[in-house]
Each structure stands twice: as C-alpha cells, then as structure tokens.
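Enquirer: here is my input; please provide its structure:
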Amino acid sequence: MSAKPSNPQAANPQADALRRLLQRDELLVMPCCFDPLSAKLIAQEGFALTFMSGFAASAARIGEPDLGLMSYAEVVDQARAIAEAVEIPVIGDGDTGYGNAMNVRRTVRGFARAGCAAVMIEDQVAPKRCGHTPGKEVVGRDEAFDRIKAAADARAEDDILILARTDARHEHGLGEAIERAARFAELGADILFVEAPRNEAEMRELCQALPGPKMANIVEGGETPSLPYAELRDIGYSIAAYPLTLMAAAMKAMVEALETMKQGPAGPERLMDFVELRRRIGFDAYYEISEAYRSSVRRMG
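Expert: Model (predicted):
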C-alpha cells in the first residue's frame, strides 16, 4: 500500500477511506459516474466508491467520444465537482498523464488536490483510446514505467492512491501486459488494472500472477466477459468497475422519453416522481439546513 506523504498538510481522508475499503476481503462493486448527479445517485444507493469514467465524462461534458479530446483542465474540473458532491471515495481518470513524466506528476497532484482518493494512469500512446475500441497502441516500457514512477513520486507531497493501467494485451499479448503490471506494482502502484482480458482463463491468469488489489473493467458488449460478482471475487479481483452502465441506461431512457414526446407528454411511468427527484438532488437537505438561517429560508411552492 502507498506510503503517506511527507507533508502533513497533504493528508487525504478519501485516500485513507479507499485504503480501508481495499483491506476488506470482498469485491467492491463500483458503478462509474460522469457528473456530480450520477455520483450522488451511486452514493445514495449505498455503493462504497465510484470512478469518474473518462468515456462517460467526455460524452457528458463535451458531447464527444473518449479519444483524448477533453483537456487536463476540463477533466480535473469535472473530477473536483464530483468529489465535492459525495463523501464516498472517487477515483479519477488521469488518462496518459497528459504529457511526459513531469506532466504525470502535475496530473497526479491535481487529482489529489481535487479531492480524489486515487488516480488512474495508463500506458497508451496519446491521444488515448477507449479500452474496448479499435486503434489502441501503448508506449514503450521505459516510458510506461516512467509514468508510474512519476505518479508514485508525486505522492511525496499529495496523498493519493495510484491505479496503474496497461492496455498491452491488445497489441502484445497477455504476457507483456502482466509483466508491465508487475513492474508497475514494484514502482509503487496501489491498484493494478490489466485492460480487456478476453476470457475467464486470462482473468484468472493475470490475477494469480500479480500482487495486491486488481480491478476488472466490465464494459457491456466489450471484450471482457461480464461474470457474477462472486466469480469475480473468486478469480481474485478487489474492484469491479462498470464504466458505462449508468450512462447507457440514462441515454436509453432519455431517447425513449424523447420519442414519446413527439406524440405527447411523457407519462408518469417514464418519470421519477417529482418528490423523489427533489430529494435525490438535495432540495430537502438544503431546506432543512437553511432553517438555521432565517434570511435564507425559502419554500418551494
């Protein structure tokens, strides 16, 4: 597990919370968010942590595919807004680190200061590609290792866990991916993520070969099989991430509602009750807290 920063001012309670979660002998099911509202819904439903999916965040924030189009500043701003909206640990998507090793250091510090519990750094060539779409390439070993070393070094001042990802399986096979991930662990990565194993046998092989917590990334319709939670835990995973489930469900519901509205207003069967909608967004909590300040008290009509 990662060392604490030498700077006591850089303590990160969310990083500590994630460390405690990873010590449990269970699978952490992690629905992924894309904005503060989706993160709040995840927390309200009792999930212990979430991940800001780069794929979903790019779609939600700029309406574009996850092909390196969001800038570092936009990504960190989105992560900060999400982390401020919830109390559960948030893992941020740091992509390739946005440049060389020095950029990686800045990226890691930025996510730590935005309130994230962990940041993912990967070994793809920039601009990166979604892990389950065509065109992925990875950088050479030296550059990949420098990224993770720089990420780990950045924790000297700002506490945060490092989720190290490799996409080497796609071009170079599972063996190369395992060797890279093993080296990432030696360099200080806290959580290992080998993207897109193609079957259960590969998932078992990598989990048996690698130390520490491992994350499975389950994309519906992607290359990695969607297995029952108990089986993922038995294989050796500590976290199961579902990066597109909420976005895919929301988009389907919105398109269906829009199709309905071409003929007339959407019926209540398609809509969340207005009382529940207000509660989940935070209106009830706002009014309860505002009672302490007479000048701030307002009531909805």
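
Enquirer: with residue 279 as the reference, measure out to the residue nearest the centre of the chain.
Expert: Against the mean C-alpha coordinate of the chain, by C-alpha atoms, centre = their mean, the closest residue is residue 51 at 2.3 Å. Distance, residue 51 to residue 279, using C-beta to C-beta, to the nearest Å: 25 Å. Quick note: C-beta positions are derived from backbone N, CA and C, even for glycine.

Enquirer: all strands for the stretch 101-250 of the chain, in order.
Expert: All strands of the stretch 101-250 of the chain, identified by DSSP state E, counting those that start in this stretch, fall at 118-122, 161-166, 191-194, 215-217, 239-242.

Enquirer: residue 105: which of these is closest?
Expert: Residue 105 sits nearest to strand 118-122 of all those, at 10.5 Å, using C-beta to C-beta.

Enquirer: relative to strand 161-166, how tilted is that closest one?
Expert: With axes from the mean of the first three to the mean of the last three C-alpha atoms, to 10 degrees applied, the angle from strand 118-122 to strand 161-166 works out at 20 degrees.

Enquirer: okay, buried residues for strand 118-122 please.
Expert: When neighbours are counted by 16 or more other C-beta atoms under 10 Å, the buried residues of strand 118-122 are found to be 118-122.

Enquirer: want to throw these into JSON lines with pLDDT and distance to residue 275?
Expert: Output for those, formatted as JSON lines (pLDDT from 0 to 100; distance: C-beta to C-beta, whole Å):
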{"residue": "118", "pLDDT": "98", "distance to residue 275": "36"}
{"residue": "119", "pLDDT": "98", "distance to residue 275": "38"}
{"residue": "120", "pLDDT": "98", "distance to residue 275": "37"}
{"residue": "121", "pLDDT": "98", "distance to residue 275": "43"}
{"residue": "122", "pLDDT": "97", "distance to residue 275": "42"}
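
Enquirer: for the stretch 101-250 of the chain, what spans make up the helices?
Expert: Using DSSP state H, counting those that start in this stretch, the helices of the stretch 101-250 of the chain run over residues 101-113, 141-153, 168-172, 174-186, 200-209, 229-235, 245-261.

Enquirer: looking at the ones you listed, which has the lowest confidence?
Expert: Set side by side, these give their lowest mean pLDDT on helix 168-172, at a mean of 94.

Enquirer: which outside residues touch that helix?
Expert: With C-beta atoms under 8 Å, 6 or more residues apart in numbering as the contact definition, helix 168-172 has outside contacts at 123, 136-138, 176-177, 180, 194-198, 202.

Enquirer: separate out the buried members of the residues you listed.
Expert: If you count burial by 16+ other C-beta under 10 Å, the buried members of the contacts of helix 168-172 come out as 123, 136, 138, 177, 180, 194-197, 202.

Enquirer: out of the helices of the stretch 101-250 of the chain, flag the one nearest residue 23.
Expert: Put simply, out of the helices of the stretch 101-250 of the chain the one that sits nearest residue 23 is helix 229-235, at 14.6 Å, with distance taken as C-beta to C-beta.

Enquirer: just the CA trace of that closest one, in PDB.
Expert: Extracted C-alpha coordinates of helix 229-235, given in PDB (Å, rounded to 0.1, in the frame of the first residue of the first chain):
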ATOM      1  CA  TYR A 229     -19.800 -10.800  -8.600                       C
ATOM      2  CA  ALA A 230     -18.900 -13.900  -6.600                       C
ATOM      3  CA  GLU A 231     -17.000 -15.300  -9.500                       C
ATOM      4  CA  LEU A 232     -15.000 -12.100 -10.000                       C
ATOM      5  CA  ARG A 233     -14.100 -12.200  -6.300                       C
ATOM      6  CA  ASP A 234     -13.100 -15.900  -6.600                       C
ATOM      7  CA  ILE A 235     -10.900 -15.100  -9.500                       C
END
